[in-house]
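K.L.:
sequence first, then the predicted structure, then my questions.
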Amino acid sequence: MLTTNELAARLGVHPVTVKKWRTEGTGPRFTTVGRTSIRYSETAVAEWLAQRERASTALPVQPTRAA
């Protein structure tokens with residue numbers, strides 16, 4: 001399970017970006033552990049990344065909403 005900071009580092013983005021995705025529902029699915037600890041499973045991150053794959057820069061990336 002990855003923390004917000006660990007996920008941000010892995011993706012090469014700022015932790016605030018990951019928090020924004022979480023708030024907007026466009027980032028990987030996450031789990032709340034306890035009252036305030038957010039964790040991302042390796043599986044959820046891999047699935048989210050796979051959904052964002054595209055074959056051409058002409059095709060837009062469709063933001064995915066967490067279900």
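P.N.:
That came through fine.
K.L.:
could you list the low-pLDDT ranges of this protein?
P.N.:
59-67 (pLDDT under 70).
K.L.:
tell me which stretches of it form helices.
P.N.:
Listed in chain order, the helices of the chain (DSSP state H) span residues 4-11, 15-24, 42-51.
K.L.:
show me what the residue nearest to Met1 when sequence neighbours are not counted bridges to in the sheet.
P.N.:
Taking CB to CB, 6 or more residues apart in numbering, and ignoring the residues beside it in sequence, Met1 has Arg39 as its nearest neighbour in space, at 3.9 Å. C-beta coordinates here come from the backbone N, C-alpha and C atoms, glycine included. Under the criterion DSSP bridges, Arg39 forms beta bridges with Thr31.
K.L.:
is Arg39 in contact with Arg29, as I believe?
P.N.:
No: between Arg39 and Arg29 there is no contact, the gap being 10.5 Å when judged by CB atoms under 8 Å.
K.L.:
residue most distant from the centroid, the protein?
P.N.:
Of all residues in the chain, Ala58 has its C-alpha farthest from the mean position, at 22.7 Å, by CA atoms, centre = their mean.
K.L.:
separation between that one and Ala50?
P.N.:
Spatial separation of Ala58 from Ala50 under the definition CB to CB, to the nearest Å is 20 Å.
K.L.:
got it, and Ala44?
P.N.:
Applying CB to CB, the value for Ala44 to Ala50 is 11 Å.
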